[in-house]
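*Asks:* the following comprises the amino acid sequence and a computationally predicted model.
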Amino acid sequence: MSQYKMHLLVCAGTGCHSSQSDLVYEMLRDEVDRKRLEEEVQIIRTGCFGFCEKGPIVKVLPDNTFYTQVKPSDAREIIDEHVIKGRRVERLLYLDPETEEHVLDSKHMGFYKKQLRIALRNCGTIDPENIDEAIARNAYQALGKSITEMSPQETIDLIKSSGLRGRGGAGFPTGLKWEITSRNQANQKYVVCNADEGDPGAFMDRSILEGDPHSVLEAMAICGYCIGATKGLIYIRAEYPLAIRRLKVAIAQAREYGLLGEQIFGTSFSFDISLKYGAGAFVCGEETALIHSMEGKRGEPANKPPFPAQSGYLGKPTNVNNVETLANIPVIILKGAEWFSSIGTEKSKGTKVFALAGKINNVGLIEVPMGITLREIIYEIGGGIKNNKKFKAVQTGGPSGGCLTEKHLDTPIDYESLTAAGSMMGSGGMIVLDEDDCMVSVAKFYLDFIVEESCGRCAPCRIGNKRLYETLNKITQGKGKQEDIEKLRNLSQVIKDTSLCGLGQTSPNPVLSTLDNFMDEYMEHVHDKKCRSGQCRSLLYYVISKDDCIGCMACKRVCPTHAISGEKKEVHVINQEVCIKCGACMEKCQFDAISLLNDYPRVTSSPVNV
Amino acid sequence: MNQKINLAPEVLAYMEKLNGSDGVEVVVNLPKEKVEQINEICNSFDNDPQELINVLHETQHLFGYLPAEVQDVIAHNLHLPVAHVYGVVTFYSYFTMLPKGEHPISVCTGTACYVRGAEKVLEEFKKELNIKVGETTPDGRFSINCLRCVGACGLAPVVLVGEKVYGRVSPDGVKAILAEYDK
C-alpha cells in the first residue's frame, strides 16, 4: 500500500450531499488525476462532520485545515494552492463570527472545542464504504475481545458498570436490558437495532449509520453474543436511502471478512444481520410497534408486559437498542467501564449526540458530555441565535418533549434534569426558537404532527390529541376563551395517564410545557387577541395609515367583504369585525398606506395612526 | 387483458365465511406481465407474509404507487387477506394508492424547517400549481406532498423534487424551482 502525504476528506453526509459535495469530490479527483498526484494525495468521502450549517466541508490532513462551503469550482484552487504549494486557501476557511478572523483548523473552532466525540468517533474520519479504514480505527476489536476473552456475563457486567443508558429517549440502562434478555430461555432470540428515527429535526442515527455503519454492526454482534442470539435485524426508515446503501455495503464487507456469519473469529459464535424497512410511521419508534412492523403488520403498539425481552419479534425474546446506544458499546469494551463512567453526571454517563437546528448560527450535529449546560451548547458550540435575535426557548425531545427557557440555560443537561424541567432527552433533537416564534403555534405544530401520527389504537391518543389540536387552533385564531386553557391542561393530564404507549403518554408534553413556561403568551392570545410574534395570521390586523392614505378608493373597491369605508379623497378605515384578512387591500394600495399590526387596533371608528 | 387468479385456500375459506358462498373468484384488472412482475417480487421474498412491507416497497418502486389491483395480487401471493394488505398500505405514509406526478414535490415540514418558514414555501407551491397537498396537477407533471425531516436541517427549509434536494428555499424561489422542470 502506498503512503499518502495528504488526505482530503470530503463530507458525504446527507446535508453536504444535498449541496453538491459529490461534485466537489469528483472535481478534486479530476484535478488530482490531471496533476498526477494520485500517488501522493488520497481523497476520501466520509460521513457527517456535524457542521452542516457551512457545508459542504472539506478537511485536509495532516494539518487539519477545515474548509467550509466548498463549491465544485473551488477544487482546482485547493489542489493548486494547498496541495502543491502548501498555502491554505484563506477565503474558504471558517470565519470566526466574533473575532472575524479565519480559523486555520477544526481544533480551534468554537463548534468543536467543547465536543467529545465517542459515538461519532469515526464520522468524518473514515470512508464508511471501506471496512479497512474502520478496522484501522479499531472496528471489530471489541467484538474479538468480547467473544474470545470474555464470557457473555462478563461483557454484560462491563456494560452495566459503565452506566450506559438507552439513547433513544427513555434512558433505560442498557446492560440491564441485555441481562434480562439473556436470562430468558428460547431456541432463538433476536437483536434489533432501532433506526426508525422519526423525530422531526433529529438526525443523529442517520449520521452514525452513514458515517460509521460498522460500529453498529459490531455492537449488534456483541449484543448477540451476550444474550445468546444469532440473528440481528436493523429496522431503518425507507426515507434514508444513503444510510441503507452504506449499511448494505458494510454488511457485505463484514461477511466477506468473516466478521459476520458463521463461526466468527474461529469461535462457535455465529451471527448475521439483515435489514427491515420502515415506511413512514412515527409510532414505529416504539419498540412493540416496531416489532409489529417488522412482522409485516400495521405498526400498532401492544400492552407491556410482556416486554420484548420476554416475547418480541415472532414471539421470541428480543433486545431492542437504539443506534446511538449501540455505537457506544465497542468503545466501552475497549476502553473500559471506568473510563466511560468518568464522563458525565452522577446518573447519566457518557456523552449524548444532539441535532442542533432552528434559529441558531451553527446548525449541525454535536456530541457533548452529559452535564453540559444549555448555555454552552447554544452560545459556545451553536454560535448564538441567528441574526442576533433574542433567545426564547429550546425544544428538546421532539413531539414528546417540552421547552426549556432562559431560566434553564445553566442547568446541567442529563436525563433527570430534563425530565424535571418538564421536557425529556428524547432522541436528542434540539430546536432553538427565538423571539419571532409563537409558542402557542409551536405547541399546535407538534399536536398537528401527533394527530397525523397517532396510530389510532387507543382512544385517549386518537381522540384526545385531536381535541387538543382543535383547542389550540381556536386559540391561535383568536377564538379562545379562558376555559379553553383549563381544558388544555385537564385533557393533557388524562391523555398522559391513560394512553397505551409512549407516544400518547408523552404527546401532551409540548402543550403542558408551553403552558407552564409561556402562560403569558396564551393569555395574550385568549384575552388580548394578540400574537406578539406576529405568527398567528388571524391575530394580525390590517390598518390604514391616515398620513399615507390619499383616499383613492382602490382598496375599498377590491375588498371582498366591504370592510373598508371612506369617501373619495378621505382617509379610509378598515372595520376589523368584518375584515377577513385576505390582504387584497394591501396588495392593491400603491401608496404603502396599509400595514399589518400584531395588536388589536382599539379604535376602529376613526383612522388609526401607525 | 384481465387475469383471473385463484385464491389461496385459507383466503378462500375466509371469504366464504364472510360471504357464505363458495367459488369466490377475483378478477384482477392488470396486464399479465405486471402480474408476473409482482409475482417475481413476492417470490424473491419467498412469499413470506412477514416480508409484506418489503414487498410493498419494491412493488411501489416498480409501479410508482399501489392501486387496489396490485394489492389483490400481493395478498394472494403472500396468503394474506386483502384487508390486511390494505390495512398496512394505508397505515404507512410512505405507501400511496394514488399515482404521483412526474416530478413529485416534497416539502419538508419537520420542526427545523417549520421554524424557518416551510409553511410559507408550501403555500407558495400550492398557489403556483393550484393543487392541494397530496394532489397531482391535471397534466400529471407535478404533485405536492409533505414529509417530516429528511435530516438536512442545516439547509432548512428543504424541498425535494424527485430526488433532488433544494436547500434554504424561500417563497420567492418557488417559481425558479418550478421553471427548472418546464419543458
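*Replies:* Sure, I can see it.
*Asks:* give me the nearest residue to the spatially most central residue of chain B, chain neighbours excluded.
*Replies:* Chain B has B:T96 as the residue nearest its centroid, 2.6 Å off, counting by C-alpha atoms, centre = their mean. Nearest residue to B:T96 in three dimensions, chain neighbours excluded: B:Y65, at 5.0 Å (C-beta to C-beta, 6 or more residues apart in numbering or on different chains). Placement of C-beta: from N, CA and C, glycine included.
*Asks:* which residues touch the one you found?
*Replies:* B:T96, B:M97, B:L98, B:P99, B:K100 (C-beta atoms under 8 Å, 6 or more residues apart in numbering or on different chains).
*Asks:* picking that back up, is the residue nearest to the centre of chain B within a helix or a strand, and which one?
*Replies:* For B:T96, there is no enclosing helix or strand under DSSP states H and E.
*Asks:* what about the chain, any weak spots by pLDDT?
*Replies:* As the question left the chain open, I've gone with chain A. Along chain A, segments meeting pLDDT under 70 span A:1-2, A:602-610.
*Asks:* my question was about chain B, not that one.
*Replies:* In the predicted model, chain B carries pLDDT under 70 at residues B:1-29, B:183.
*Asks:* quick check: residues of chain B near chain A?
*Replies:* B:48-54, B:56-57, B:84, B:87-88, B:91-95, B:109-112, B:114-116, B:147-156, B:158, B:165, B:167 (C-beta under 8 Å from any C-beta of the partner chain).
*Asks:* and the buried ones among those residues, selectable in ChimeraX?
*Replies:* Of these, the buried ones can be selected in ChimeraX as follows, counting by 16 or more other C-beta atoms under 10 Å in any protein chain shown:
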select /B:49,50,51,52,53,54,56,57,84,88,91,92,93,94,95,109,110,111,112,114,115,116,147,148,149,150,151,152,153,154,155,156,158,165,167
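*Asks:* inside helices: which ones of the residues of chain B next to chain A?
*Replies:* B:52-54, B:56-57, B:84, B:87-88, B:91, B:111-112, B:114-115 (DSSP state H).
*Asks:* separation between the residue nearest to B:T96 and B:G162?
*Replies:* Applying C-beta to C-beta, to the nearest Å, the value for B:Y65 to B:G162 is 15 Å.
*Asks:* just A:H525 next, same as before
*Replies:* 40 Å.
*Asks:* between the two, who's got more neighbours?
*Replies:* A side-by-side neighbour count of A:H525 and B:G162, using other C-beta atoms under 10 Å in any protein chain shown, places A:H525 first with 29 against 13.
*Asks:* for A:E376, give its distance to A:A309.
*Replies:* Per C-beta to C-beta, A:E376 is found 37 Å from A:A309.
*Asks:* who's more crowded, those two?
*Replies:* A:A309 (23 against 17).
*Asks:* ok, the more buried one - contacts?
*Replies:* Counting by C-beta under 8 Å, 6+ apart, A:A309 makes contact with A:K177, A:I180, A:T181, A:N184, A:P317, A:T318, A:N319.
*Asks:* switch the cut-off to 10 Å
*Replies:* Taking C-beta atoms under 10 Å, 6 or more residues apart in numbering or on different chains, we find A:A309 in contact with A:176-184, A:189, A:227, A:287, A:317-320.
*Asks:* can you pull out the strands in chain B?
*Replies:* B:3-5, B:26-28, B:103-108, B:142-147, B:159-161, B:164-166 (DSSP state E).
*Asks:* A:M430 in helix, strand or coil?
*Replies:* strand (DSSP: H, G, I helix; E, B strand; the rest coil).
*Asks:* that one and A:C403 touch, don't they?
*Replies:* No. Counting by C-beta atoms under 10 Å, A:M430 stays clear of A:C403, with 11.0 Å between them.
*Asks:* hey, what's in contact with both of the two?
*Replies:* Listed contacts common to A:M430 and A:C403 are A:V394, A:Q395, A:T396, A:G397; contacts here mean C-beta under 10 Å, 6+ apart.
*Asks:* B:S44 - how many residues pack around it?
*Replies:* 12.
*Asks:* and it, what is it in contact with?
*Replies:* B:E51, B:N54, B:V55, B:E58.
*Asks:* quick one: which of these is nearest A:N509?
*Replies:* Distance to A:N509 across the contacts of B:S44 (C-beta to C-beta) is lowest for B:N54, with 33.8 Å.
*Asks:* what about that closest one, distance to A:A170?
*Replies:* As judged by C-beta to C-beta, B:N54 and A:A170 stand 28 Å apart.
*Asks:* then B:P99?
*Replies:* Using C-beta to C-beta, B:P99 is found at 40 Å from A:A170.
*Asks:* now swap in A:A459 and tell me
*Replies:* 24 Å.
*Asks:* which one's more surrounded, these two?
*Replies:* When neighbours are counted by other C-beta under 10 Å, A:A170 comes out ahead of the other of A:A459 and A:A170, with 16 against 13.
*Asks:* I'd assumed A:G502 was in contact with that one.
*Replies:* Yes. The criterion here is C-beta under 10 Å, and A:A170 meets it with A:G502 at 7.2 Å.
*Asks:* how about the nearest residue to the residue of the stretch 51-200 of chain A found nearest chain B, chain neighbours excluded?
*Replies:* Residue nearest to chain B within the stretch 51-200 of chain A: A:C52 (2.9 Å; C-beta to the nearest C-beta). Residue nearest to A:C52 in three dimensions, not counting chain neighbours: B:G154, with 2.9 Å by C-beta to C-beta, 6+ apart.
*Asks:* contacts only, for that neighbour.
*Replies:* Taking C-beta under 10 Å, 6+ apart, we find B:G154 in contact with A:13-16, A:18-19, A:48, A:50-55, A:203, A:355-357, A:362-365, B:112, B:167-168.
*Asks:* those residues in helices, which ones?
*Replies:* A:T14, A:G15, A:C16, A:S18, B:A112.
*Asks:* farthest-separated two in the residues you listed?
*Replies:* A:C16 and B:A112 (16.3 Å).
*Asks:* how about the residue in the stretch 451-600 of chain A positioned nearest to chain B, phi and psi?
*Replies:* Scanning the stretch 451-600 of chain A for the residue nearest chain B gives A:C455, at 7.4 Å (criterion: C-beta to the nearest C-beta). Main-chain torsions, A:C455, degrees, to the nearest 10: phi -80, psi -20.
*Asks:* over to A:S293?
*Replies:* Residue torsions, per degrees, to the nearest 10, at A:S293 are phi -60, psi -40.
*Asks:* look up how far A:G464 lies from the nearest residue to it once chain neighbours are set aside.
*Replies:* Distance criterion C-beta to C-beta, 6+ apart; nearest residue to A:S293, sequence neighbours excluded, is A:G299 at 3.8 Å. Taking C-beta to C-beta as the measure, A:G299 falls 20 Å from A:G464.
*Asks:* rewinding a little: narrow the contacts of B:G154 to just the buried residues.
*Replies:* So, by 16+ other C-beta under 10 Å, the buried ones in the contacts of B:G154 are A:13-16, A:18-19, A:48, A:50-55, A:203, A:355-357, A:362-365, B:112, B:167.
*Asks:* got the domain boundaries for chain B?
*Replies:* Domain assignment of chain B by automatic domain parsing yields the ranges B:3-91, B:103-180.
*Asks:* comparing these, which comes out most buried?
*Replies:* Mean neighbours per residue, mean count of other C-beta atoms under 10 Å in any protein chain shown, is largest over the domains of chain B for domain B:103-180, with a mean of 20.
*Asks:* how far does it stretch from one end to the other?
*Replies:* This stretch, domain B:103-180, spans 11 Å end to end (C-alpha to C-alpha, to the nearest Å).
*Asks:* correct me if wrong: A:R88 contacts A:V58.
*Replies:* No. A:R88 is not in contact with A:V58 according to C-beta under 10 Å; the separation is 11.8 Å.
*Asks:* most proximal residue of chain B with respect to chain A?
*Replies:* Nearest residue of chain B to chain A (C-beta to the nearest C-beta) works out as B:G154 at 2.9 Å.
*Asks:* which one is the residue nearest the centre of chain A nearest to, not counting chain neighbours?
*Replies:* Closest to where the C-alpha atoms of chain A average out (C-alpha atoms, centre = their mean) is A:A202, at 1.3 Å. Leaving aside its sequence neighbours, A:A202 sits nearest to A:G429 (C-beta to C-beta, 6+ apart; 3.5 Å).
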